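Trainee: What follows is a predicted protein model with its sequence.
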Amino acid sequence: SCLPSDFHTMAMPTRKPRNMASKRAMLAREPKLVEGERSSLFMRGTSTSEQINAIVSDLHDLKKPNSTYFHRRNEKRPFEDETSVEFLCQKNEASFFSFASHSKKRPNNLILGRTFDYKIYDMYELGLINIKPTTSFKPGKFPSLMNRPCVLFQGDAFETDLKMARIKNLFLDMFSHNSPGKINLAGIEHAIVLTAQGEKVSFKHYRIDLKKSGGRVPRVECEEIGPSFEFEVRRERTPAPELEKAACRKPKQLVKQGKAKKNTQKNALGETLGRVHMQSQSFDDFQTRKVPGLKRGRDKGVALAEEAEAEAKKARLEAGEEE
């Protein structure tokens with residue numbers, strides 16, 4: 001079954017703005033045809049370790065300035081109670097959330113999730129091991145603010161395993177939401193590489209340096225700058241079919257209307273050229289302009305006159321020979 005047409009109204013009731021400031025705030029929250037950068041919300045539980053705190057802080061730095069970090073501890077359990085997390089995401093206009101915790105049963109636990117229409121879309125509980133925060137690497141130049149990373153995935157599991165494919169979609173949506181149409185090599189400053197190794201996935205962050213190579217294409221050098229860790233999926237909550245269908249629905253303004261035009265192309269001057277396919281034609285019955293001089297009857301008369309003149313000439317020659 002599909003969601004009702006007033007699903008958005010049911011999720012968040014509309015209110016009449018009291019002034020221009022509240023009107024602008026309500027307009028900013030309305031759905032848009034082309035979405036901007038999505039914000040993230042990072043939180044900590046009542047019990048955390050230094051390693052998981054450092055990783056959350058590093059992920060927050062990677063998402064700046066579209067990120068909010070709650071330094072105070074929160075007594076929340078997203079898998080047991082979703083309403084409190086949904087309230088915080090709605091209040092802070094966050095499409096992603098991260099919740100860090102640490103316990104004897106689940107050490108170095110990190111929950112990553114997404115929201116749609118202020119409702120939790122999906123979330124995954126990751127168990128982190130081999131943690132290396134940014135401070136454990138050699139200090140160097142950090143990527144520029146608001147510079148998008150190049151996200152790379154290694155391993156067949158991201159294409160064959162459904163769970164790994166959802167993890168891939170989550171990280172792509174989080175760090176590389178809008179794909180640029182054109183890429184400038186000088187603007188690629190860092191890259192995030194995720195490698196699938198069985199049930200585990202390694203997360204590494206590299207700085208990209210372009211060196212002179214003596215040719216047109218520069219020589220690329222990669223230096224790991226952190227954070228770096230490995231994780232395995234402990235628990236997951238996939239989206240409901242109805243919610244997934246509503247989230248993947250394309251607006252009518254972006255869907256091409258009508259049938260696609262075939263056999264058409266544009267030349268260098270911008271003119272549209274079309275190709276028409278027709279059956280073979282008989283030029284004997286081809287309709288032409290009705291000019292009196294081109295009538296078939298007149299052509300036959302001329303031919304008959306020429307034949308009569310030739311016969312008369314032949315008769316005169318024969319009469320001359322007899323004389």
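Mentor: Good, I have the coordinates.

Trainee: Go through stretch 183-203 and flag the buried ones.
Mentor: Ile188, Glu189, His190, Ala191, Ile192, Val193, Leu194, Thr195, Ala196, Val201, Ser202, Phe203 (16 or more other Cβ atoms under 10 Å). In short, each C-beta sits where N, CA and C put it, glycine included.

Trainee: farthest pair in the residues you listed?
Mentor: Using Cβ to Cβ, the pair of the buried residues of stretch 183-203 lying farthest apart is Glu189 and Ala196, separated by 25.1 Å.

Trainee: the helices in the stretch 101-250 of the chain, which residues?
Mentor: With helices called from DSSP state H, counting those that start in this stretch, the stretch 101-250 of the chain shows them at 157-160, 162-175, 241-247.

Trainee: Over the second one, what's the mean pLDDT, rounded is fine.
Mentor: For helix 162-175, the per-residue pLDDT values average out at 94.

Trainee: Name the residues of that helix that are buried.
Mentor: Met164, Arg166, Ile167, Lys168, Leu170, Phe171, Met174, Phe175.

Trainee: Check the shortest one too.
Mentor: Applying a neighbour-count criterion of 16+ other Cβ under 10 Å, one finds Ala157, Phe158 buried in helix 157-160.

Trainee: Pull the distance from it to the chain's centre.
Mentor: Centroid separation for helix 157-160 versus its chain: 19 Å, with Cα atoms, centre = their mean, to the nearest Å.

Trainee: Please apply the same query to the longest one.
Mentor: When C-alpha coordinates are averaged (Cα atoms, centre = their mean), helix 162-175 and its chain have centres 13 Å apart.

Trainee: CA atoms only: put that helix into PDB for me.
Mentor: Extracted in PDB, the C-alpha atoms of helix 162-175 (Å, rounded to 0.1, in the frame of the first residue of the first chain):
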ATOM      1  CA  LEU A 162      22.600  -6.200  -0.100                       C
ATOM      2  CA  LYS A 163      23.700  -5.200   3.400                       C
ATOM      3  CA  MET A 164      27.000  -3.900   2.100                       C
ATOM      4  CA  ALA A 165      25.200  -2.100  -0.800                       C
ATOM      5  CA  ARG A 166      23.100  -0.200   1.800                       C
ATOM      6  CA  ILE A 167      26.200   0.700   3.700                       C
ATOM      7  CA  LYS A 168      27.700   2.100   0.500                       C
ATOM      8  CA  ASN A 169      24.600   4.100  -0.200                       C
ATOM      9  CA  LEU A 170      24.700   5.500   3.400                       C
ATOM     10  CA  PHE A 171      28.300   6.800   3.200                       C
ATOM     11  CA  LEU A 172      27.800   8.100  -0.400                       C
ATOM     12  CA  ASP A 173      24.700  10.000   0.800                       C
ATOM     13  CA  MET A 174      26.600  11.300   3.800                       C
ATOM     14  CA  PHE A 175      29.800  12.500   2.300                       C
END
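
Trainee: How about residues contacting that helix?
Mentor: By Cβ atoms under 8 Å, 6 or more residues apart in numbering, the residues outside helix 162-175 that reach it are 38, 40, 62-63, 96, 112, 114, 122, 124, 148-149, 151, 153, 155, 157-159, 192, 194, 196, 201, 233, 236, 238.

Trainee: List buried members of the residues you listed by neighbour count.
Mentor: Applying 16+ other Cβ under 10 Å to those flags 38, 40, 62-63, 96, 112, 114, 122, 124, 148-149, 153, 155, 157-158, 192, 194, 196, 201, 233 as buried.

Trainee: where do the strands sit along the stretch 151-300 of the chain?
Mentor: 190-197, 200-211, 219-224, 228-237, 264-266, 272-274 (DSSP state E, counting those that start in this stretch).

Trainee: looking at those strands, which is closest to Gln90?
Mentor: That would be, of the strands of the stretch 151-300 of the chain and by Cβ to Cβ, strand 228-237, which comes in at 18.5 Å.
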